[in-house]
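Q: pasting the structure only:
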């Protein structure tokens, strides 16, 4: 279960313990397209001797001395996004760097201080049996500067997928320890055992600070060996529970998560180890224990990567659900027992995918639809639930299906190029789906939308977006029997190349002629709007405007009174416009959603609720109140807060403040718990008694609400 590469933006530095960050200008790159090796940085290390920063970028090693950025090692040709590097520095300041096994620069390099004088100490064929086909990671031995470890991908998929070597500097010798790598008895399990690293997606080696032979390695699971010289093999201490199950490792009541990316010992206590995984951050307080137990440190740690999200169709309901990359299907909402709107519970494991929520039994019960990777789909209702994957279907990795939010009997499943449907979603089984076949221009189905309101055979339709840029309208889908009857309404200016994904389709809640379509790719036209979608040949208008360089991942159309507001979720934040034909897009929630990938937008017209799913920053919910602001996120930053960070008081500045409006406020922590509230006096709010941390402040200005974030020092 792997992830995706998202382009970064160079190196950032904090001088206040991580509360605020500033980009190091010399490392500047852009998010919109690949323009620098610094778009993908896999490792950073600071010299304890001279303070230089060594940067492991894409097939290149940089040194930054605080003023100048210098290329130290470089693979000049044949570079792609898999060519990650690694850098480590020992206590004496000696620098080691590793290059991907598929490059001409492959292997391990070292320099006395990272400033020139590099020599290669390992490469394919030297030493004997060193044959790296992919990523190489390094680990120093803090108790012995003469030693480093190298763990690399060997390409032997399905067997032990890595090799382990130890280098002794004083005698310039590598020793192989690959025979110690784990292959547990009692059976193999793909991606779990023998030692699996998913092509290097999860690969790490570290050494206990007080024992050069006590080594920890991570792949999909984490393992330890206390005496590499004499012990026979590594033993499992986290990830999956065993080599016969994909359940989570659990010792002492706390789950640990597979896919290991970071293993760091506490510098003040060599028995304490921290792990960074696809499930967040954990620590063990006793790495020496026979059965290692973990403590979950994911307190207010918001990194869920949602592919799709959905909400309760019932007006006022706050139940939400989302399919998260490698973290299963999660749900939350205080209506169903959660202590706050941040706490999420698990509905299913694996890779979460598409999700849906229906009300059954006169709205008394929730029927949930969820799935896992590669086509699986199931429901909980009626208890105990059942599998729903259409018999004979195939699927892409992120299983996709769509429930009509206003007509919960209508459910659609994307079986790659084949569309399946049911008009009895409550009772559907694996064998009761209708197979509607392929679209008139066959392509994998990637997005679906339905007209809003009560179903009408004369006017209701289904929109289908494909993987080669196609958009198709299927009229009266309840009664349709053939997807090839759909009308091709693809915009004339849209790319139809393979991989041009129609990532989102939105239909106006009361006017089915108004449709927005968005595309997830770079270098193409990516936002289209039509006002005659029901015509045989709709006219589309390009409305990218200031978002022409963005990849667009989702869209929604909201109606507030007589006003229509268009939303688009991009590869770097949420934007809105009341008139995208004539006006640029404005960013929404810059202090909350920030520049996260906005992967899903779901709208409930009855109470103007908008659910925002992100791939990396969890999900958000807001009530859209009009073009001036939404309940949680300001479209225009009307009130400025300063100083921010604040120590004693916050000052408010802005036209709405200076006009003498009555302002009340509520300060909450990032879980939503109210910490302080009151009325603003003299445009100031006393925050002296707050603990150090990050807070949200909700301002009510003459009945209009605006939310911002501030830091308390």
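A: Alright, I've got the coordinates. Values in this document were obtained by computation on a predicted structure and should not be read as measured data. Numbers count the residues shown, from 1 in each chain.

Q: for the stretch 1-150 of the chain, what spans make up the strands?
A: 12-13, 22-23, 43-46, 53-57, 60-64, 69-74, 86-89, 95-99, 107-111, 119-122, 136-140, 147-153 (DSSP state E, counting those that start in this stretch).

Q: what's the first one packed up against?
A: In terms of contact count using 3 or more C-beta pairs under 8 Å, 6 or more residues apart in numbering; DSSP states H and E, strand 12-13 is assigned the packing partners strand 22-23. Any C-beta I mention is one placed from the backbone N, CA and C, and that applies to glycine too.

Q: For the strands of the stretch 1-150 of the chain, which has the smallest mean pLDDT value?
A: Per-stretch mean pLDDT for these is lowest at strand 22-23 (a mean of 90).

Q: what comes into contact with it?
A: 9-14 (C-beta atoms under 8 Å, 6 or more residues apart in numbering).

Q: one more time with 6 Å
A: 10, 12-13 (C-beta atoms under 6 Å, 6 or more residues apart in numbering).

Q: Spell out the residue ranges of the helices in the stretch 351-500 of the chain.
A: Assigned by DSSP state H, counting those that start in this stretch, the stretch 351-500 of the chain shows no helices.

Q: mind listing the strands for it?
A: Under DSSP E, counting those that start in this stretch, the stretch 351-500 of the chain gives strands at 356-360, 365-371, 377-379, 386-387, 400-403, 411-415, 418-422, 434-438, 445-450, 461-466, 471-475, 487-488.

Q: Excluding chain neighbours, what is closest to residue 213?
A: residue 228 (4.5 Å; C-beta to C-beta, 6 or more residues apart in numbering).

Q: For residue 543, see how far away the closest residue to residue 53 other than its chain neighbours is.
A: In this structure, residue 53 finds its nearest non-sequential neighbour in residue 64, 4.3 Å apart by C-beta to C-beta, 6+ apart. Here residue 64 is placed at a distance of 41 Å from residue 543 (C-beta to C-beta, to the nearest Å).

Q: neighbour count winner among the two?
A: residue 543 (23 against 20; other C-beta atoms under 10 Å).

Q: In this structure that one contacts residue 525, no?
A: No: assessed by C-beta atoms under 6 Å, residue 543 is found out of contact with residue 525, at 9.8 Å.

Q: so who does residue 354 touch?
A: Residue 354 sits next to 308, 400-401 when contact means C-beta under 6 Å, 6+ apart.

Q: let me redo that: residue 284
A: Here residue 284 is in contact with 273, 292, 294 (C-beta under 6 Å, 6+ apart).

Q: Quick check: the first one touching residue 285?
A: This means residue 273. No: in this structure residue 273 lies outside contact range of residue 285 using C-beta under 6 Å: 8.8 Å.

Q: quick one: which of the two has more around it?
A: Remark: of residue 273 and residue 285, residue 273 carries more neighbours, 25 against 14, as counted by other C-beta under 10 Å.

Q: can you pull out the helices in the stretch 601-713 of the chain?
A: Going by DSSP H, counting those that start in this stretch, the stretch 601-713 of the chain shows helices at 655-658.

Q: Below-threshold pLDDT in it: ranges please.
A: 626-638, 655-661, 670-672, 703-705 (pLDDT under 70).

Q: can you rerun that using 90?
A: 623, 625-647, 651-664, 666-675, 679-683, 691-713 (pLDDT under 90).

Q: Domain ranges for this structure, per the record?
A: 124-296, 305-438, 640-712 (automatic domain parsing).

Q: show me the residues around the nearest residue to residue 188 once chain neighbours are set aside that make contact.
A: Distances taken as C-beta to C-beta, 6+ apart put residue 194 closest to residue 188, at 6.3 Å, once the chain neighbours are dropped. By C-beta under 6 Å, 6+ apart, the contact set of residue 194 is 159-160, 183.

Q: of all the residues you listed, which comes closest to residue 151?
A: residue 160 (11.4 Å; C-beta to C-beta).

Q: Which of the contacts of strand 22-23 has the largest number of neighbours?
A: residue 10 (19 neighbours).

Q: if you skip the residues just before and after it, what's nearest to it?
A: Using C-beta to C-beta, 6+ apart, the closest residue to residue 10 is residue 27 (3.4 Å).

Q: Isn't the one you found up against residue 8?
A: No: counting by C-beta under 6 Å, residue 27 sits too far from residue 8 to count as a contact (9.6 Å).

Q: More neighbours: the two, which one.
A: Higher neighbour count among residue 27 and residue 8: residue 27, with 21 against 17, using other C-beta under 10 Å.

Q: before we move on, back to that, relative to residue 550, which of the strands of the stretch 1-150 of the chain is closest?
A: When those are compared by C-beta to C-beta, strand 22-23 sits nearest residue 550, at 19.4 Å.

Q: strands paired with that closest one, and their directions?
A: strand 12-13 (antiparallel) (DSSP bridges).

Q: Can you give the contact residues for the partner strand?
A: Strand 12-13 is contacted from outside by 21-24, using C-beta under 6 Å, 6+ apart.

Q: among those, who's most crowded?
A: So for the contacts of strand 12-13 (other C-beta under 10 Å), the most neighbours sit at residue 24, 16 neighbours.

Q: That residue against residue 9, yeah?
A: No: using C-beta under 6 Å, residue 24 makes no contact with residue 9, being 10.5 Å away.

Q: what do those two both touch?
A: By C-beta under 6 Å, 6+ apart, no residue touches both residue 24 and residue 9.

Q: need the domains of the chain in a markdown table with distance to residue 91, can you?
A: What follows is the domains of the chain, written out as a markdown table (distance: least, C-beta to C-beta, whole Å):
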| stretch | distance to residue 91 |
| --- | --- |
| domain 124-296 | 5 |
| domain 305-438 | 35 |
| domain 640-712 | 32 |
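
Q: among these, where is the model least confident on average?
A: Across the domains of the chain, domain 640-712 gives the lowest mean pLDDT, at a mean of 80.

Q: what about that domain, distance to the chain center?
A: 30 Å (C-alpha atoms, centre = their mean, to the nearest Å).

Q: Report the separation between the two terminal residues of that domain.
A: Terminal residues of domain 640-712 are spaced 16 Å apart (C-alpha to C-alpha, to the nearest Å).

Q: and if you look at stretch 100-113?
A: Note: stretch 100-113 ends 22 Å apart using C-alpha to C-alpha.

Q: repeat for stretch 385-400
A: 19 Å.

Q: Pull out the buried positions in that stretch.
A: 388-390, 393, 395-396, 398-400 (16 or more other C-beta atoms under 10 Å).

Q: Could you measure from residue 502 over to residue 119?
A: As judged by C-beta to C-beta, residue 502 and residue 119 stand 52 Å apart.

Q: Those two: which has the busier surroundings?
A: residue 502 (27 against 10).

Q: about what we covered before: residues contacting the residue nearest to residue 10?
A: Applying C-beta under 6 Å, 6+ apart, we find residue 27 in contact with 10-11, 38.

Q: Out of the residues you listed, which comes closest to residue 55?
A: Nearest member of those to residue 55, counting by C-beta to C-beta, is residue 11, at 6.3 Å.

Q: Do you have the helices of the stretch 151-300 of the chain handy? List them.
A: Counting by DSSP H, counting those that start in this stretch, the stretch 151-300 of the chain contains no helices.

Q: Show me where it has its strands.
A: Ranges of strands within the stretch 151-300 of the chain are 162-168, 173-176, 204-207, 215-218, 222-225, 235-238, 240-242, 245-248, 260-266, 269-277, 280-284, 295-296, based on DSSP E, counting those that start in this stretch.

Q: Show me how far the fourth one is from its chain's centre.
A: It refers to strand 215-218. 25 Å.
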